[in-house]
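Participant: Sharing a model prediction with you, sequence too.
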Amino acid sequence: MVECLVTIKNRAGIHARPAALLVQTATQFSSKIIIEKDTERINGKSIMGVISLGATYNSQLKLIVEGADEQQAIAALVRLFENKFQEE
């Protein structure tokens, strides 16, 4: 299991487009992906779960990935956050 803290850097936060991009990336991997905001945990492969987090600009999230391809999965997800979901 690997964990990583990420900060939302795109000004609009996690709305429909970044949520879809996040879920599309997560579903490419067999590992279990959990996203945690404050005390709420959701399945990173669920579009409704990701949107329901209400993650805004500068929110901090914890990515928790467990499985055979966990290193590749967490690297791909972190890249999305670092690249501001290709929005800016």
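Facilitator: Ah, there it is. Numbers count the residues shown, from 1 in each chain.
Participant: Would you tell me which helix is longest in the protein?
Facilitator: helix 70-82 (DSSP state H).
Participant: Ramachandran angles for the residue in the chain sticking out farthest from the centre?
Facilitator: Within the chain, the residue lying farthest from the chain centre (C-alpha atoms, centre = their mean) is Ala68, at 18.2 Å. The phi/psi pair for Ala68 (degrees, to the nearest 10) reads phi -60, psi -30.
Participant: For it, list the residues it contacts.
Facilitator: Ala68 is in contact with Ser30, Ser31, counting by C-beta atoms under 8 Å, 6 or more residues apart in numbering. Backbone N, C-alpha and C define where each C-beta goes, glycine included.
Participant: List of residues touching the longest helix of the chain?
Facilitator: For helix 70-82, contacts defined as C-beta under 8 Å, 6+ apart pick out 1-2, 4, 6-9, 18, 21-22, 25-26, 28-29, 31, 33, 44, 63, 65, 67.
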